[in-house]
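[1] Just the structure for this:
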Amino acid sequence: MLASLLCRRLVPATLKLVNHHHPVFSRAMTSEGTDPPISKSAAKKLAAKQAKEAKKAEVQARLKAEADARDVDDYSKDKYGKQPICTSSEKTGRKWVEVEDLDTSMAGEEVLVRGRVHLSRVTGKQCFLKLRHRYYSVQIVYAVDEKISKQMIKYVGGCPKESIVDVQGVVVKADVPIESCSQKNLELQGMTFHVVSESEPQLPLQIDDASRPVGTEGAGPIVNQDTRLNNRILDLRTPTSQAIFRVGHGVVELFREYLSANGFTEIHTPKIISAASEGGANVFKVSYFKGNAFLAQSPQLYKQMAVCADIERVFTVGAVFRAEDSNTHRHLCEFTGLDIEMAFKEHYHEALTVIGDMFISMFKGLQKRYATEIEIVNKQFPADPFKFVEPALVLNYPEAISMLREGGIEIGDFDDLSTPNEKFLGKLVKAKYDTDFYILDKYPLEVRPFYTMPCPHDPKYSNSYDIFMRGEEIMSGAQRIHDPALLEERAKVHEIELETIRSYIDSFKFGSSPHAGGGVGGERVLMLFLGLDNIRKTSMFPRDPKRLTP
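    Below is the predicted model:
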């Protein structure tokens, strides 16, 4: 009964709350039901938007209709366009001809070539395309005829630079030399054009700008070193960069060839080591499980250990790490070390002669095998041809001091050579002996490492040498002390704690042949041989105190 009364009292109150004319309910219905009336301004904006969308749809429909019409009329549509992504799905048996192998003897032949779009230019009913592969290039001409449509000409002309394309064409002898291409006496009459990999249209640098010869900067923009290195993939595509690293390949190739032919064994040494190779603070420290390790500054200890193990002539090619905060034109924190060590019978000049002959052999091989590449580099970075005499010129340290003094330099008998003095000495040697390459023997003992053998005839000098190219040092070497007692004695003179080098000293406890050697940076040899101004040009991905990428 009480519940019934409560229900009767509550019902009228509830009915009032759902009254359709109540303002709250009216607003709720407006927001959840039909849209509220809009202002005249909003209505105009809406109408304008709808008109714009309608016009856009109309334009798109017209363009599609035109494209469809063009497809119907385009009798060349199967001769050009994008190829599907290469997924190695089939073998067609097609044969490509390299751009560098094209020859006028092929005139009239159809060939298939692949390269990058270096430049394209549409002129009337023709399109001139410069196709580049490494440092070779060829001109390809497309002309409207019964097989080549206007649409194809437009497509070829609009293909982004640096895209990789396959082109089929007929070899034609050029009426006049085509000076802008490496293939000057022929061109291709284009028949097909298919894009293998399309480049983005906006390039961070232009290949032509990055290839501009020194001294012609006014002809267009110049690309600075940081821009080159930040976009190294593009920079490496320039003909000059391609040529530089082909010659760089030759440096290592000829180093290996000469030594292999003269009884040397190539070895591979650790790059993660327990102590600094050469002492000092110029070493990279890395974590190694529960302890620390270091990146090798030199393979010297391991070369010497190999000689002690009766592998009497060894060489190695590998990364060398130097934590030197040197931001110069010739220093890197990581470079390719070309190292040599050999046992000799009675005099360290046996090793020095081998090293000198090795470099002469390398220089002759580079000039013979890589003449084309050297010429390409010289077009952008002009330099005097590298000169050397055979056999290699060897000067004693006192002779060098006398030459410097005659040239007006104040220097002590046993002073080390500063970088400016080394360069000046290089000029004096070139003027007197007409050579860019020489060996400076018998350095003062006090400026050489503790493991250097003292000179038996004058203890103020040593059985050590530096080797120079164009006035810059490329190699330091010496006869190493192979007697443990003498090694300890020399270490004490240099105030080196014996326990820090105990493993090195102990390497000679079980008998060791007298031996000598040295190490050189491949990038520095390449830089100086080509006469370049910065080692970053000869290091593919250089590492210096300010650069760790790419």
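
[2] how about the strand ranked longest in the chain: buried residues?
    Longest strand in the chain by number of residues (criterion: DSSP state E): strand 110-123. For strand 110-123, the neighbour count (16 or more other C-beta atoms under 10 Å) marks 111, 113-118, 120 as buried. Using the backbone N, CA and C atoms, a C-beta is placed for each residue, glycine as well.

[3] now swap in stretch 468-481 and tell me
    Of all the residues in stretch 468-481, those buried under the rule 16+ other C-beta under 10 Å are 468-481.

[4] which residues in the stretch 201-350 of the chain form helices?
    Ranges of helices in the stretch 201-350 of the chain, per DSSP state H, counting those that start in this stretch, are 207-210, 225-230, 232-235, 239-261, 300-308, 349-369.

[5] Which pair of the buried residues of stretch 468-481 spans the longest distance?
    Pairwise distances across these peak at 31.8 Å for Arg470 and Ile481 (criterion: C-beta to C-beta).

[6] follow-up on the earlier one: could you dump the buried residues of strand 110-123 to a markdown table with distance to Ile233 and pLDDT?
    As requested, these are exported to a markdown table (distance: C-beta to C-beta, whole Å; pLDDT from 0 to 100):
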| residue | distance to Ile233 | pLDDT |
| --- | --- | --- |
| Val111 | 28 | 98 |
| Val113 | 22 | 98 |
| Arg114 | 18 | 98 |
| Gly115 | 17 | 98 |
| Arg116 | 12 | 98 |
| Val117 | 16 | 98 |
| His118 | 16 | 98 |
| Ser120 | 21 | 96 |
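
[7] out of those, who's nearest Asp544?
    Arg116 (29.8 Å).

[8] Mind picking the one among the buried residues of stretch 468-481 that's closest to Lys290?
    Out of the buried residues of stretch 468-481, the member with the shortest distance to Lys290 (by C-beta to C-beta) is Arg480, at 33.7 Å.

[9] Show the contacting residues for that closest one.
    With contact taken as C-beta atoms under 8 Å, 6 or more residues apart in numbering, Arg480 is in contact with 304, 451-453, 515-517.

[10] tell me which of those is nearest to Lys40?
    After measuring those against Lys40 - C-beta to C-beta - the closest member comes out as Gly517, at 92.9 Å.

[11] who are the neighbours in contact with the nearest residue to Leu119 once chain neighbours are set aside?
    Take Leu119 and drop its neighbours on the chain: the residue closest to it by C-beta to C-beta, 6 or more residues apart in numbering is Lys130, 4.3 Å away. By C-beta under 8 Å, 6+ apart, the contact set of Lys130 is 117-120, 137-140, 180-181.

[12] Please identify which helix or strand holds Lys130.
    According to DSSP states H and E, Lys130 maps onto strand 126-133.

[13] Repeat that for Glu179.
    Using DSSP H and E, Glu179 falls within no helix or strand.

[14] what number of residues lie near it?
    The tally of other residues near Glu179 (other C-beta atoms under 10 Å) stands at 6.

[15] how far does stretch 369-385 stretch from start to finish?
    Counting by C-alpha to C-alpha, to the nearest Å, you get 15 Å between the two ends of stretch 369-385.

[16] these two touch, right, Ser539 and Leu332?
    Yes. Under the criterion of C-beta atoms under 8 Å, Ser539 makes contact with Leu332 at 6.0 Å.
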